[in-house]
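>>> Curious how this folds, go ahead:
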Amino acid sequence: MPKHGKKYNAVAATVDRDTYYAPRDAMALVKQNAQAKFDETVEVHLRTALDPRQADQQIRGVVNLPAGTGKKVRILVFAEGEGERLAREAGADFVGSDDLIQKIQGENWTDFDVAIAVPQVMSKVGRLGRILGTRGLMPNPKAGTIVQPEDLPRVIRETRQGRVEYRLDRTGNVHVPIGKASFEVDQLMENFAALMEAIVRAKPAALRGQYLRRVTVSSTMGPGVRIDAAQATSGRA
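I've put the predicted structure just below:
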């Protein structure tokens, strides 16, 4: 196990590893223990019973966090013609097609957080799979990042306000940011409730029995706090 410093150990001592906290108590504890010099991100970690090797046990989607993410999101849009105009008017940070594709291919440039594309240019964008795919930036319909031109303003607005993606990783876990340590507990709870509602709704029909094995919340530099899974999925605080 990795060794931690005295400061971390002192903070970790405030968390009972054998206790499954009520969601609201867990959020308060995470805020209390976020003592870094920067505004730490608060992230939810879900250990599922899903088998990532099974095609019918995948979960991936997006959820709109009511209180936002607290992070400035840099949005790139691959579009041409009308789609390009709509994306620029909606305030996307980078908009284009061949020019952006060439920049990404030639310079290995990925200085953005979310990539959105219209279907009409995906045959070109597909060439970037090796670069964008490994960084989780490849537009994908399941992530809601391949949309018709007329939907670009809405998707850009939602992404800016607090639209985040969740997806099962290769180890059967899901990791999703729900805000910043500077958020009020009520804001973190709003976002947590929205996320858990989406996760419960996404449960694959092929799965029988237990779905979520463990629910943990932590800040960037702080220790994990376990949450009572029954309360997490029932909406009770």
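>>> Poorly predicted segments of the protein, please.
Low-confidence segments of the chain (pLDDT under 70): 1-5, 7, 235-237.
>>> In stretch 42-51, which residues are buried?
Judged by neighbour count using 16 or more other CB atoms under 10 Å, the buried positions of stretch 42-51 are 42-46, 48, 50. Using the backbone N, CA and C atoms, a C-beta is placed for each residue, glycine as well.
>>> So what touches that stretch?
Identification of contacts with stretch 42-51 by CB atoms under 8 Å, 6 or more residues apart in numbering yields 27, 30-31, 34, 57-59, 168, 172-181, 183, 188, 192, 195, 199, 204, 207, 209-220, 224.
>>> Please apply the same query to stretch 171-181.
30-31, 34, 39-52, 59, 63, 65, 67-71, 164-169, 187-188, 191-192, 195, 199, 217, 219.
>>> from these, which would you call buried?
Buried among the contacts of stretch 171-181 by 16+ other CB under 10 Å: 30-31, 34, 39-46, 48, 50, 52, 59, 63, 65, 67-70, 164-168, 187-188, 191-192, 195, 199, 217, 219.
>>> In strands only, show me these.
Counting by DSSP state E, the buried ones among the contacts of stretch 171-181 place 41-46, 48, 63, 164-167, 217, 219 in strands.
>>> For residue 149, state which of those residues is nearest.
Of all these, residue 165 has the smallest distance to residue 149: 21.2 Å, by CB to CB.
>>> Take the buried residues of stretch 42-51 and write them to a markdown table, including distance to residue 100.
Formatted as a markdown table, the buried residues of stretch 42-51 follow (distance: CB to CB, whole Å):
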| residue | distance to residue 100 |
| --- | --- |
| 42 | 32 |
| 43 | 29 |
| 44 | 32 |
| 45 | 33 |
| 46 | 34 |
| 48 | 35 |
| 50 | 35 |
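>>> If anything else comes up later, I'll come back, but that's it for now.
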